[in-house]
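> Whatever this is, show me its structure:
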Amino acid sequence: MKLVFSRKGFDSAAGGMPSPILPDGRLVSLPILDSRSRIRYGDITSDGRSLGPLVDQLSDGRVRSHWRAHLDPDLVRESLLRSPGWRPLFGQAGAAQGHLRNHGVGPGDLFLFFGLFRQVELVGGAYAWAKGLRPCHVLWGWLQIGEVLELGTFTPAGYEWAAYHPHFRRGRGPSTVHVASRELTLRAIAAPGIPGAGAFARFSPRLRLTATLAQHPSTCDLPSWFYPTGNRTPLTYHADPERWRMLGQRTELRAAARGQEFVLDGDEYPEAVPWACDLLETEERRS
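Predicted coordinates for the structure are as follows:
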């Protein structure tokens with residue numbers, strides 16, 4: 001089984017700001033801009049509230065409610081009005097999909113989505129970035145692959161409910177869409193009642209990847225088993241041993257600035273699946 005750490009959502013390059021951690025701890029991953037999408041930020045909801053005012057306030061008007069959003073991955077049913085038969089989806093194309101294909105990522109493998117987040121506060125009834133707090137990388141969602149669709153220009157029969165999704169509407173060459181499994185299945189580890197995809201509802205220290213005292217969000221604090229000892233293949237894009245340090249019972253990783261999909265082989269890292277299962281069983285979820 002493969003674990004794929006997939007970087008998605010706003011950051012300094014895409015959107016020009018992090019995604020917010022709301023005052024009550026709720027995580028809201030902001031999808032990147034997409035002028036070809038049918039979906040506007042104002043159409044997307046999180047816990048019943050439109051993302052439109054949120055992006056407008058936090059960007060100081062640089063991103064507007066009526067602008068179009070690339071809602072991908074699309075993990076939570078209540079984010080939009082849905083057609084019957086809807087299932088969570090994640091699309092990929094180009095070099096990033098080539099990387100997944102080259103590493104054999106397919107049905108049964110698990111995406112763990114992370115992004116750049118920062119705490120916000122309410123000031124005079126509007127959201128603003130909390131002063132003195134740095135952005136950090138946070139795990140915010142998951143999707144276990146149930147099936148993989150290779151798309152061209154047209155929506156395949158039986159998937160008309162997905163026609164809204166940006167990767168079903170590319171019209172510029174091939175694209176791949178990963179459809180979520182209906183329930184989570186992690187080898188022999190029982191995960192009863194956990195859906196195949198969803199989002200973590202609230203921030204917790206266990207979801208934070210950035211080391212607490214790090215000067216840069218890409219300095220990650222990870223469990224000791226992440227360290228590529230012996231002949232184990234490192235997390236992809238991180239073969240340089242200078243990126244890794246053992247610090248007692250923890251591993252520090254200076255994560256790559258480029259790349260979207262980072263693959264870890266669960267056969268070489270047997271601790272990975274129980275670790276992921278524990279997160280999904282214990283953290284508050286939305287699906």
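> can you list the weak-confidence ranges in the protein?
153-154, 169-173, 187-192 (pLDDT under 70).
> Beyond the helix or strand Y127 falls within, next helix or strand please.
Per DSSP states H and E, Y127 falls inside strand 126-129. Next helix or strand after strand 126-129 toward the C-terminus (DSSP H and E): strand 136-151.
> Packing partners of that following strand?
strand 110-123, strand 175-180, strand 197-200, helix 272-282 (3 or more C-beta pairs under 8 Å, 6 or more residues apart in numbering; DSSP states H and E). (C-beta placed from N, C-alpha, C; glycine too.)
> Need the winner for burial among those.
strand 197-200 (a mean of 24; mean count of other C-beta atoms under 10 Å).
> ok, back up a step: export the helices and strands packed on strand 136-151 as a markdown table, with columns for distance to L151.
A markdown table is the format used below for the helices and strands packed on strand 136-151 (distance: least, C-beta to C-beta, whole Å):
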| stretch | distance to L151 |
| --- | --- |
| strand 110-123 | 18 |
| strand 175-180 | 5 |
| strand 197-200 | 19 |
| helix 272-282 | 28 |
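> List the contacts of V177.
L89, F90, G91, V148, L149, L151, A162, H165, H167, F168 (C-beta atoms under 8 Å, 6 or more residues apart in numbering).
> Going through those, which ones are buried?
Buried members of the contacts of V177, counted by 16 or more other C-beta atoms under 10 Å: L89, F90, G91, L149, L151, A162, H165, H167, F168.
> who touches the fifth one in this structure?
L151 is in contact with H167, F168, R170, P174, S175, T176, V177, counting by C-beta under 8 Å, 6+ apart.
> now do 7 Å
Residues in contact with L151, defined by C-beta atoms under 7 Å, 6 or more residues apart in numbering, are H167, F168, P174, S175, T176, V177.
> Same list, the residues you listed, but as CSV with distance to P23 please.
Output for these, formatted as CSV (distance: C-beta to C-beta, whole Å):
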residue, distance to P23
H167, 34
F168, 36
P174, 43
S175, 38
T176, 38
V177, 35
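> so how far is stretch 271-283 from its chain's centroid?
16 Å (C-alpha atoms, centre = their mean, to the nearest Å).
> so what's the nearest residue to H103 once chain neighbours are set aside bridging to?
Of all residues not flanking H103 in the chain, V263 sits nearest, at 4.5 Å (C-beta to C-beta, 6 or more residues apart in numbering). With DSSP bridges as the criterion, V263 is bridged to V4.
> thinking again about what came up before, with G259 as the reference, name the closest of the helices and strands packed on strand 136-151.
strand 110-123 (12.3 Å; C-beta to C-beta).
> For that closest one, which helices and strands make contact with it?
strand 2-7, strand 19-21, strand 126-129, strand 136-151 (3 or more C-beta pairs under 7 Å, 6 or more residues apart in numbering; DSSP states H and E).
> need the next SSE after the shortest one, C-terminal direction.
Right, strand 19-21. strand 45-46.
> which residue lies farthest from the center of the protein?
Within the chain, the residue lying farthest from the chain centre (C-alpha atoms, centre = their mean) is G124, at 31.1 Å.
> Contacts only, for the residue positioned nearest the centre of the chain.
For the chain, F113 is the residue whose C-alpha lies nearest the centre (C-alpha atoms, centre = their mean; 2.2 Å). Shown in contact with F113 (C-beta under 7 Å, 6+ apart): S6, K8, P73, W140, G141, W142.
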